[in-house]
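Colleague: What follows is a predicted protein model with its sequence.
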Amino acid sequence: MKKILVIHGPNLNLLGEREVGVYGKVTIKEIDEDLKRLARAEEVELDIKQSNHEGEIVGLIGASRGKFDAILINPAAYTHTSVAIRDAIAAVDVPAVEVHLSNIYGREEFRHTSLIAPVAKGQVSGFGKMSYILGLEAAIGLMKGAKK
């Protein structure tokens, strides 16, 4: 069975409570339930992790080689700051899809640069919870050879 590592970055454990005007009322639990439902339908196994710590995220990515067929990642604030996460994705040769709930290009200028995008297969942003669903569909498509 194909396996996808899902990584939620810093502060995403607070979804539904923080900056509701930006991120909406959706919780991480609701997102995870929707992802699991889609994964079951597509016969894909998910391993879902959330971390507020850059080093832990780097470790998860580093350990993904040989264990996972794709990575779905919302690096959150680390999107704009973490060379370490960027380099980990580049190093493991596991296709990654970057997702964001908000449209990072419609927000503060410092959020317009993603250090992750150049090493990801693609990025989905601005669609709230649907960004994760679309991202997972893309990751599944990559695994099934829809796009190389």
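Modeller: Okay, I see it.

Colleague: Provide a list of residues in contact with the residue nearest in space to the middle of the chain.
Modeller: With distances taken as Cα atoms, centre = their mean, the residue of the chain nearest its centroid is Ile73 (1.7 Å). By Cβ atoms under 8 Å, 6 or more residues apart in numbering, the residues touching Ile73 are Val6, Ile7, Gly9, Ile61, Ile85, Ile89, Ala96, Val97, Glu98, Val99, Ile116, Ala120. From N, CA and C alone the C-beta is placed, and that goes for glycine too.

Colleague: among those, which are in helices?
Modeller: Ile61, Ile85, Ile89 (DSSP state H).

Colleague: ok, the last one - how many residues close by?
Modeller: With neighbours defined by other Cβ atoms under 10 Å, the count for Ile89 comes to 27.

Colleague: Next, work out how far apart the residue lying closest to the residue nearest to the centre of the chain once chain neighbours are set aside and Leu142 are.
Modeller: Residue nearest to Ile73 in three dimensions, not counting chain neighbours: Ile7, with 4.4 Å by Cβ to Cβ, 6 or more residues apart in numbering. Distance, Ile7 to Leu142, using Cβ to Cβ, to the nearest Å: 16 Å.

Colleague: quick one: which of these two has more around it?
Modeller: Ile7 (24 against 19).

Colleague: What pLDDT does the model give that one?
Modeller: What the model reports as pLDDT for Ile7 is 98.

Colleague: doesn't Lys49 make contact with it?
Modeller: Yes. The criterion here is Cβ atoms under 8 Å, and Ile7 meets it with Lys49 at 5.5 Å.

Colleague: Would you mind listing the residues touching both of those two?
Modeller: Common neighbours of Ile7 and Lys49 (Cβ under 8 Å, 6+ apart) are Leu60.

Colleague: Would you confirm that Lys49 contacts Leu5?
Modeller: Yes. Using Cβ under 8 Å, Lys49 is in contact with Leu5, at 7.2 Å.

Colleague: of the two, who's got more company?
Modeller: Counted by other Cβ under 10 Å, Lys49 and Leu5 do not tie: Leu5 has more neighbours, with 22 against 13.

Colleague: All set, thanks.
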